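Peer 1: Fold the stuff below for me.
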Amino acid sequence: MNQPQPQPSPKQYADYTALVSGDVLELLQRQATEFTSFVNSLAHKADYSYAPGKWTIKEMIGHIIDTERILCYRLVAIARAEAGPLPSFDEDSYVSNAHFSDRSLLSFTEEFNLLRQANLYLFRSLSEDELQRVGSVAGNPKSVKNILYTIAGHVIHHTQILKDRYL
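Peer 2: Alright, predicted model coming up:
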């Protein structure tokens, strides 16, 4: 599957898709285990934040899971030809209104792995026509393929932040 065409959107989304190379479905499959193994290796720092006001590792993983769910909702809505616009979301508000600190890091990695495995059934079922469908997300056009690449790139982005700022 080739990279999606650039679409007007906040810069971060273009940055996420640019991080993806190779077969996106293979990458998404590998992330299900590689990302969870990496995160599990951080268990001793699960409640660590690299600076005041920054998310802890648990909050970061909770954010990644929330974002995957939201992006998958957008993906399936557009793939199924949703005519209405889809809303944005405030990631900081989502994290501050969750109780991620009450959970174990292992519960997050198990959840991520199961969520990704379930989502892979959807991703692999998409036809070329569905991948090309475009809908409106937060006032910007988004294709299903673009969202698929964003999901993979979002995990790459946050993995790099964890390595650069938390280790």
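Peer 1: biggest helix in this structure by residues?
Peer 2: helix 57-79 (DSSP state H).
Peer 1: Dump it to CSV, keeping only the CA atoms.
Peer 2: Extracted C-alpha coordinates of helix 57-79, given in CSV (Å, rounded to 0.1, in the frame of the first residue of the first chain):
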residue,chain,number,x,y,z
ILE,A,57,4.4,7.1,31.0
LYS,A,58,1.0,5.6,32.0
GLU,A,59,-0.8,8.8,30.8
MET,A,60,1.1,8.7,27.5
ILE,A,61,0.1,5.0,26.9
GLY,A,62,-3.5,5.8,27.9
HIS,A,63,-3.4,8.7,25.4
ILE,A,64,-2.1,6.4,22.6
ILE,A,65,-4.9,3.9,23.3
ASP,A,66,-7.6,6.7,23.4
THR,A,67,-6.2,8.1,20.2
GLU,A,68,-6.2,4.7,18.4
ARG,A,69,-9.9,4.3,19.4
ILE,A,70,-10.8,7.8,18.1
LEU,A,71,-8.9,7.4,14.9
CYS,A,72,-10.5,4.0,14.3
TYR,A,73,-13.9,5.5,14.8
ARG,A,74,-13.1,8.1,12.2
LEU,A,75,-11.6,5.5,9.9
VAL,A,76,-14.7,3.2,10.0
ALA,A,77,-17.1,6.2,9.7
ILE,A,78,-15.4,7.5,6.6
ALA,A,79,-15.0,4.0,5.1
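Peer 1: Rounded mean pLDDT for it, please.
Peer 2: When pLDDT is averaged along helix 57-79, the result is 98.
Peer 1: Okay, buried residues for it please.
Peer 2: 57-68, 70-72, 74-79 (16 or more other Cβ atoms under 10 Å). Yep, even glycine has a C-beta here, placed from its N, CA and C like the rest.
Peer 1: Likewise for stretch 24-34?
Peer 2: For stretch 24-34, burial by neighbour count (16+ other Cβ under 10 Å) applies to Val24, Leu27, Leu28, Gln29, Gln31, Ala32.
Peer 1: before we move on, what about stretch 148-162?
Peer 2: 148-159, 162.
Peer 1: ok, of those, which one's closest to Asn140?
Peer 2: Thr150 (11.8 Å; Cβ to Cβ).
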